[in-house]
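*Asks:* Quick one: sequence and predicted model below, then my questions.
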Amino acid sequence: MEYYGLRKSGRVVDFIACEEDVVNLIRLYPTRAKDLFGDLGVCPGNFEIWKSICLLSYDDLKPGAVEENDYLIISLEKLLLMKVLAMKIGKYLNDTQLLVEYLLSQQYRRYSQVKSQNEELLRGIEGVVYLERTGG
């Protein structure tokens, strides 16, 4: 959320790693393991490393990720999916609303371009009557 400028991160940062890495970390920190409804993780410090979150694994979340230094940042679409799956909790419902507003603002930035393309597509077609039209 912070990477995309939507809100500051909380005091705990979550990382998702492959199954093998999580298991090896649990071997190193056997008293710091977590299992939240099937999401297996470890908390070696003030951060958590998970095999999955909302049962979505590293492999599930990797497509579309943004490379940033030594990390992959989850795509907006996958982040939205995760927030939707957890939105029964108020914090995640708020995050979902922030993400939807951000994604809509990104889509609406394309309005002028799409409007011009649509006008070009319809150029030369006589008698077009819109049943509904908004946005001018």
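*Replies:* Yes, it's here.

*Asks:* switch to C-alpha atoms for all contacts and neighbour counts from now on
*Replies:* Will do.

*Asks:* low pLDDT regions in the chain?
*Replies:* By pLDDT under 70, the low-scoring segments of the chain are 136.

*Asks:* one more time with 80
*Replies:* 10-13, 135-136 (pLDDT under 80).

*Asks:* First-to-last residue distance for stretch 103-116?
*Replies:* With C-alpha to C-alpha, to the nearest Å as the measure, the ends of stretch 103-116 fall 21 Å from one another.

*Asks:* Could I get the buried residue list for it?
*Replies:* Buried residues in stretch 103-116, counted by 16 or more other C-alpha atoms under 10 Å: none are found.

*Asks:* quick one: contacts of the longest helix anywhere in the chain?
*Replies:* The longest helix of the chain (DSSP state H) is helix 90-108. With contact meaning C-alpha atoms under 8 Å, 6 or more residues apart in numbering, helix 90-108 is reached by 1, 6, 76, 80, 83-84, 86-87.

*Asks:* Just checking, which helix or strand succeeds that helix along the chain?
*Replies:* Next along the chain after helix 90-108, taking DSSP states H and E as the criterion, comes helix 111-122.
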